[in-house]
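[1] Mind folding the following:
(one chain, ligands or ions: 1)
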Amino acid sequence: AQEAIELIEQADTLRVTERQSSVALLKKASRLTLSPYEQDYLNYLTSFHVAMGGDISKAARQIEPLLSRHVSGRLALRLRATLLSLYAGTKEWEKGVILVNELATIQKEAPRDTDWYTARVGQIFFFLHLELFDDALQLILDARSYPEVISEELNCRFTTYEFVSLKGLHSQRIDNVWLQKLQNTCDHLTPNVYTIEYVVSWAELLNERKDYQSTVDFVEAHWEKVSQLNYYHLFAELQEFYASALFSLGRYQQAEAIVNELVNNPLSENYLQGFLNASMLKSDLAMKRQNFAESYHWLRIASELRRQEQKSALTKRLAIAQAEFSLAASERALQSLSKQNALLESELSVSHQRMLNTYLVVVLSATLILLTLVSLFRHRQQRKRLITTANTDALTGLANRRCFTETVSSYLRDIEPTTTYSLVLFDLDNLKWVNDGFGHQNGDWVLQQVSQCISTLESPSVLSAARIGGEEFAIFLRDMSANQAQKFAAQLQQHFQVIDTNERLDSWRISASFGICDTQTAGVQLSELLNAADMALYQAKRAGKQQAVIYQPANNATT
Ligand SMILES: Nc1nc2c(ncn2[C@@H]2O[C@H](COP(=O)(O)OP(=O)(O)OP(=O)(O)O)[C@@H](O)[C@H]2O)c(=O)[nH]1
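    Residues are numbered from 1 along each chain as shown. You can find the predicted model right below:
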C-alpha cells in the first residue's frame, strides 16, 4: 500500500505531462486517510486539473479557501502562483495584485528552490497580462541574477517571458535571433503548456507585423504540437492568429473553418479577447460573402464584447492604479512611520538623557546623603569625643569633677526618700612625697593604678566614681548607709594596698584617707554631702591617714 503523500507527489510530477494518470493517482489518494496538509495538497492538484480542463473560474474558487491555511512554505507558494495565473485568465486583477504582494512577502523568507522560481514565474505572468512589461522584466532580471541552477523548463519559461516583455516594450526591435534563442531553450524539452508558450507569442508577433504568410507557416509548423496539448487557451490563441492571417491572405474558407471552431466552443466565452477577435473576423467574413445581416449580427456581438473588454481594460487600469495608490500609501505610511520612529528615537535619547540626569542626580544625592551621613557620624563622634573629653579625666579615664557633679546632682534631684545614698571622698596619702621621691611620672602612675581599682569595682551600688581634684576621688553609692560605705572604703583600701609597687616605689604601699557621709545625716544637696565628706576626710588625715572617717553631725566624725 502506497503512502498517500507518495501518490499525491507522483500526481504532482505528472500533472502537466500525463494529466490522466495524475488525475487517477489523486482519485486513489483521496480514498486513503489524509492529513490536513495532504488533503489541501490533493485539493490543490485537483483544482489545477480543473483549470487545465478550461474552467479557470471554478479552479480559482476551489484554491482560494486553501490560502489562509498556508501562509508560508511550499504549498503557500504553489497555491498563490497557480491562483495568480488563474486570475490573469479570469481578469480578477485586484485580487491578483494582492496576491503578487503576498507572494513577494512569502518569497523573502522562502529558500530559492523550484517552488520559489515557479512562484516568480506566476508573478511575471500576471504582470505581463497587466502589460506591466517593465515590472515583469525587473522580476526576470532579479530572478536570473542569482547563481542557483534552475531547471531547463523554468529557464524556458523565463526566456519566454523575457521575450514577451521585450516584445511589449519594443516590438520592432525583436529579430529572428530571439526566435533562435527561444527554440534553443525550449524546443528540446518535452512539449507542455509551458514549453510551447513562446510559439503562441511568436505567432502573435508575426501577425502584428502583418507578416501573414510567415504567421501561417509558423502556425502550421507548430499546429500539431500545440493542439495535442489539449490546453484551450493556448490553442485558441494560435487558431485566432492563424485565422486572422489566413483572412488577410484572402484564404477566407480556411479562415472561416478555423473561426467557427473558436466561436462554437463554449470555452471561448471565458476567453474574451479571443472571442472578440473571432467575432470581428466572423463579421468580416460575412461581409466578404455579402451577408450583411450576419455581418451585422457578429458586429453587434463584437461591439458587446468590445464594451466588456474596455470595461475589463478599465478594471485592469483601476487595479494598477489601486496597487500604485496602495504602494504610495504604504510608502507614505512608511515615511510617517520612519518620522515617528525618528521622533521616538529622539524621545528615547531625551529620556536616556533624562535617565542619565536622574541617574546623576540619584548618584549625587546618594553621595551627598552619604557625605552628610559620614559628616553627621563624624560630627556625632566628635561631639561624643568632646562630651567624653569634657566629662573625663585625661590622666585616669575616670569621670571628672564636672561630670560627677552633674551626675550626682541629677540622682539627688529624683532621690527616693526611703533609699540612703552615701558619698565616699578620699585623698591619696603622701602623694607629694611620692612625686618628690620617685618623680612626678610615678605619681601619675599611682593615680592611674588607684583609678583602675575604682573602675574594676563591680558593685551595683556605684552610681558615679570620679577624680574630682589632683589626688582627690569621690564615689557616690546608692542604697548604702555611711557604715556600709565605710566597709566599701575598707575594701578599696585593701585593693590599694595590694598594688604591686616593687619596681616603681620600692615597695611603698599606696593608701588613702576616706571621708564618708550619707543622705540620712548630711542632707540631700550635693554641696552638703561634699562638705560633710570633706570634713570627715580632714579628720581622717588629721587622725593619721590611711583610714575612713564617717561624718557625724555637729562635726563629730567617727573613724
Ligand atoms: N604626680 C602627680 N601629682 C599630683 C597631681 N595632682 C596633684 N599632685 C600632687 O599631689 C600633692 C598634694 O600634696 P599634699 O596636698 O601635700 O598632699 P600629700 O603629699 O598627699 O599629703 P597628705 O594629703 O597630707 O597625705 C602635690 O605634690 C601635687 O603636686 C597629678 O596629677 N600628678
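[2] which residues of the protein fall in strands?
    Taking DSSP state E as the criterion, the chain contains strands spanning 422-428, 462-467, 472-477, 512-518, 548-550.
[3] quick one: strands adjacent to the fourth one?
    Taking DSSP bridges as the criterion, strand 512-518 pairs within the sheet with strand 422-428 (antiparallel), strand 548-550 (parallel).
[4] and it, is it in reach of the ligand?
    No. Residues of strand 512-518 are not located near the ligand by Cβ under 6 Å from any ligand atom, the shortest gap being 6.8 Å. Heads up, the C-betas are built off the backbone N, CA and C, glycines and all.
[5] Hey, what's the angle from that strand to strand 472-477? Just curious.
    40 degrees (axes from the mean of the first three to the mean of the last three Cα atoms, to 10 degrees).
[6] Just tell me which of the strands paired with strand 512-518 ends up closest to the ligand.
    strand 422-428 (5.3 Å; Cβ to the nearest ligand atom).
[7] Strand 462-467 and the closest one, what's the angle between them?
    Counting by the same axes, to 10 degrees, strand 422-428 lies at 20 degrees to strand 462-467.
[8] In JSON lines, list the strands paired with strand 512-518 along with distance to the ligand, mean neighbour count and mean pLDDT.
    Formatted as JSON lines, the strands paired with strand 512-518 follow (distance: least, Cβ to the nearest ligand atom, whole Å; neighbours: other Cβ atoms under 10 Å; pLDDT from 0 to 100):
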{"stretch": "strand 422-428", "distance to the ligand": "5", "mean neighbour count": "26", "mean pLDDT": "97"}
{"stretch": "strand 548-550", "distance to the ligand": "14", "mean neighbour count": "26", "mean pLDDT": "96"}
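[9] could those strands be laid out in CSV, adding distance to His170?
    Shown next, in CSV, are those (distance: least, Cβ to Cβ, whole Å):
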stretch, distance to His170
strand 422-428, 129
strand 548-550, 137
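[10] Out of those, the one nearest Glu472 is which?
    strand 422-428 (5.0 Å; Cβ to Cβ).
[11] what's in contact with stretch 21-39?
    With Cβ atoms under 8 Å, 6 or more residues apart in numbering as the contact definition, stretch 21-39 has outside contacts at 4-5, 7-8, 10-12, 14-15, 42, 45-46, 49, 69, 75.
[12] again, only this time at 7 Å
    4-5, 7-8, 10-11, 14-15, 42, 45-46, 49 (Cβ atoms under 7 Å, 6 or more residues apart in numbering).
[13] What about the closest residue to Pro191 other than its chain neighbours, how many residues nearby?
    The shortest distance from Pro191 to any non-neighbouring residue, by Cβ to Cβ, 6 or more residues apart in numbering, is to Lys225 (5.1 Å). If you count neighbours by other Cβ atoms under 10 Å, Lys225 ends up with 14.
[14] what does Glu458 give?
    6.
[15] tell me the contacts of it?
    By Cβ under 7 Å, 6+ apart, Glu458 has no neighbours at all.
[16] pLDDT wise, what is it at?
    Note for Glu458: predicted pLDDT of 78.
[17] Next one: it from Gln491, what distance?
    Note on Glu458: its distance to Gln491, by Cβ to Cβ, to the nearest Å, is 12 Å.
[18] cool, and Ser451?
    16 Å.
[19] picking that back up, please tell me the pLDDT value assigned to the residue nearest to Pro191.
    Lys225 is given a pLDDT of 88.
[20] repeat for the one 5 residues further on
    Looking at Asn230, its pLDDT stands at 73.
[21] Can you give me the distance of it to Pro191?
    From Asn230 across to Pro191, the span is 11 Å (Cβ to Cβ).
[22] Between those two, which has more neighbouring residues?
    Per other Cβ under 10 Å, whichever of Asn230 and Pro191 has more neighbours is Pro191, with 17 against 13.
[23] before we move on, the earlier item: looking at Ser451 and Gln491, which has the bigger crowd around it?
    Ser451 (19 against 11).
[24] With the flanking residues excluded, which residue is spatially nearest to that one?
    Ser451 sits nearest to Thr396 (Cβ to Cβ, 6+ apart), 3.5 Å away.
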